[in-house]
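Peer 1: Fold the following and give me the result.
(2 chains)
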Amino acid sequence: MAYDKFTTLKSTCIPLPIENVDTDQIIPARFLKATKRKGFGLNLFRDWRYNSDNSLKKDFVLNNPTFKGRILIGGKNFGSGSSREHAAWSIYDYGFRCVISSFFADIFSANCLNIGVLPVQVSENFLNTIFENIYDNPDIEILVDLPNQSVSIPELSLNESFIINEYKKNNMLNGYDDIDYLIGMKNSITDFASKTPL
Amino acid sequence: MSSTLFDKVWDSHIVSKITNGPDVLFIDRHMIHEVTSPVAFLGLKNRGIKVLYPEKTFATADHNTPTINQHLPVQDELSANQLKVLEENSKEHGISYWGLGHEKNGIVHVVGPEYGITQPGATIVCGDSHTSTHGAFGAIAFGIGTSEVEMVLSTQCVIQPKPKKMRININGSLEKGVTPKDVALYIISKLSTAGATGYFVEYSGDVFSQMSMEGRMTVCNLSIEMGARGGMIAPDKKTFEYIKDKEFTPKAEKWDKAMRYWKTLKTDPNAFFDKEISFNSNDITPMITYGTNPGMGMGILNDIPKVENQNSASKSYLKSLNYMNYSEGESMLGKQIDFVFLGSCTNGRIEDFRDFAKIIKGRKKANNVTAWLVPGSHQVEKAIKEEGILDTLKESGFELREPGCSACLAMNDDKIPKGKYAVSTSNRNFEGRQGPGSRTILASPLVAAAAAVTGKITDPRTLF
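Peer 2: Numbering: from 1, shown residues only, chains lettered A, B, ... in the order given. Down below sits the predicted model:
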């Protein structure tokens, strides 16, 4: 099932300079009861975003009109914890297409790539530079350029390159999906299966 | 060429290598539950395809299930629906379904090994990060997202880059009162929750070979909490004894043939690891966590580290202590607690209940404590009754609940209320993990038992 293609994205950003943002913060387990992939953005960062009476927590960045955009900037070790793809779905459904951090948890970043959200890992220094510049000027834009594997702040001529494996890059650029790829090699899979002991 | 245990299992499951990309890995065993599978089945429906090998997938209901009155209909409408959808999907595709009320129902990572679905040398996945548990048997087992669940249902494969390899060695023996949970929490406290990200871990040394299979499962279960995709331990005599004659393990000549292969599943001398770490068994004491990630743990007699003494950025660290309402430099001993939770895929096995019973025997549950004791499966529940542990629990004022994930993740009715402290044998102390505003203190079943009878954080070694 193809998803949105990703080539370049130029956008203002939402800063979340907290380390170890885990998947239970991104979307708490009590909101995982749906059987369809719909509406998860409503509960993105639920307990940081809303009080228990469902009123908005004014000091949380998603409730601050100063910051908006399609890129989420997170602190080190973003997405640790559970394998729930709902975390990536909620980020996508809220409107983000890219998350930038200095370090991602494995399963979270794989889940993002599988649904068309680009996880971009930058150096600790560059991450801090991004945070500082967003706080100085919330309207500043970041450019994420997948074909050239670079992330930059064009206004300040600052940039850094990032790593992504060729296969996943090609999938993102073309909106291809792993399942189509696997279905395409079904014969070699069934052949392999016939030789496995289990 | 010398290979590691991990290399041997991984490499033998590669269907093809994508140029400059990941491997297409064949999956022997797939476990599913109600939370992370429905959208995957929907994907199959949209593509108009069926499950390729339904006999390789096993379904159990655990995350949403209540742990009392399981014979009655599930009250929560959304939970009931999710459970119903799992049952319908399993039936439609011919997948074994162990739903609520089924004798084999229980937590996915407890029942898999109990029935021999988990075997050495196998690749095992499930849409749940604690799938790493099954690595205790020398399997490669890891958690996957829902897109990958769909891949496995439709093609029995996942596309994964081969992780780097790490070996963690601990030789010597553990002191009395130090359990496998403490070993794991100790390692995570040293490595941090991101210390093994990108790696697959092999645990090696006396401490792990002396451990029971239950203990090995606890250790491998917690591999994900240091960021590792999974952890594994080479199979040995204990492994083979545990799985022999289980429903899904090979029998007769097939067993002999399997054994010949399984005995080769160990790391060769001089095999390459990207990272190798050793710890001293004597440094490990009963552990306890004080913060909001599993890396924020310490020996129970230690003081909460001061902000200048730890690496995590100070703002995040202080946010975490603030959430717990604890201060740097203070001791955890004697702190009041409100709840005790014994259970989960981490510590919901028979050995955990034996440990708990050892401490509470002849004592009474503290009045200020609400205790939820939840077996991981009906087999565990049965053993608790047969071994007389239930009588001990009752004499001390405890009740036993029915199997399920329970208070580990606040998805079912078992939620810790806002602001309350729970000493929990589960795996994550994230903010709100056990209920919005709840405060989790991770520990072993022994520490949980000591807290249950004293109403506060207590070193279990003082109660032997």
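
Peer 1: can you list contacts of the helix or strand bottoming out on mean pLDDT in chain B?
Peer 2: Every helix and strand of chain B was ranked by mean pLDDT, DSSP states H and E. The lowest is helix B:314-324, at a mean of 93. Contact partners of helix B:314-324, identified using CB atoms under 8 Å, 6 or more residues apart in numbering or on different chains, comprise A:17-20, A:75, B:290-293, B:296, B:304, B:307-308, B:310, B:327-328, B:431, B:439. All C-beta spots, glycine's among them, are computed from the backbone N, C-alpha and C.

Peer 1: now with 6 Å?
Peer 2: A:I18, A:E19, B:G291, B:T292, B:V307, B:E431, B:R439 (CB atoms under 6 Å, 6 or more residues apart in numbering or on different chains).

Peer 1: for it, which positions count as buried?
Peer 2: B:S316, B:Y317, B:S320, B:L321, B:Y323, B:M324 (16 or more other CB atoms under 10 Å in any protein chain shown).

Peer 1: Now do the strands in the stretch 51-200 of chain B.
Peer 2: For the stretch 51-200 of chain B, strands defined by DSSP state E, counting those that start in this stretch occupy the ranges B:57-60, B:96-98, B:123-126, B:140-143, B:157-160, B:164-171, B:199-204.

Peer 1: Who are the packing partners of the helix or strand containing A:V99?
Peer 2: Using DSSP states H and E, A:V99 falls within strand A:98-101. With contacts taken as 3 or more CB pairs under 6 Å, 6 or more residues apart in numbering or on different chains; DSSP states H and E, strand A:98-101 sits against strand A:71-74, strand A:118-121.

Peer 1: Show me what whichever helix or strand comes after that strand is packed up against.
Peer 2: Under the assignment DSSP H and E, the closest C-terminal helix or strand after strand A:98-101 is helix A:106-115. Helix A:106-115 makes packing contacts with helix A:86-94 when contacts are defined by 3+ CB pairs under 6 Å, 6+ apart.

Peer 1: quick one: the closest residue to A:N51 other than its chain neighbours from chain B, how far?
Peer 2: Counting by CB to CB, 6 or more residues apart in numbering or on different chains, A:N51 lies nearest to A:K57, which is 5.8 Å off, once chain neighbours are set aside. The spacing between A:K57 and chain B, counted by CB to the nearest CB, to the nearest Å, is 12 Å.

Peer 1: the helices in the stretch 51-200 of chain B, which residues?
Peer 2: B:77-93, B:108-114, B:146-155, B:180-191 (DSSP state H, counting those that start in this stretch).

Peer 1: Show me the contact partners of the shortest one.
Peer 2: This points to helix B:108-114. So helix B:108-114 is contacted by B:31, B:33, B:60, B:62, B:104, B:118, B:126, B:130, B:133, B:345, B:348, B:376-377, B:379 (CB under 6 Å, 6+ apart).

Peer 1: if we take these, which one ends up nearest to B:A449?
Peer 2: Nearest to B:A449 among the contacts of helix B:108-114, counting by CB to CB, is B:G348 at 14.3 Å.

Peer 1: Quick check: phi and psi at that closest one.
Peer 2: With angles defined as degrees, to the nearest 10, B:G348 sits at phi -120, psi 30.

Peer 1: mind listing what the closest residue to it other than its chain neighbours touches?
Peer 2: Distance criterion CB to CB, 6+ apart; nearest residue to B:G348, sequence neighbours excluded, is B:G376 at 3.1 Å. By CB under 6 Å, 6+ apart, the contact list for B:G376 reads B:G106, B:I107, B:V110, B:G348, B:R349.
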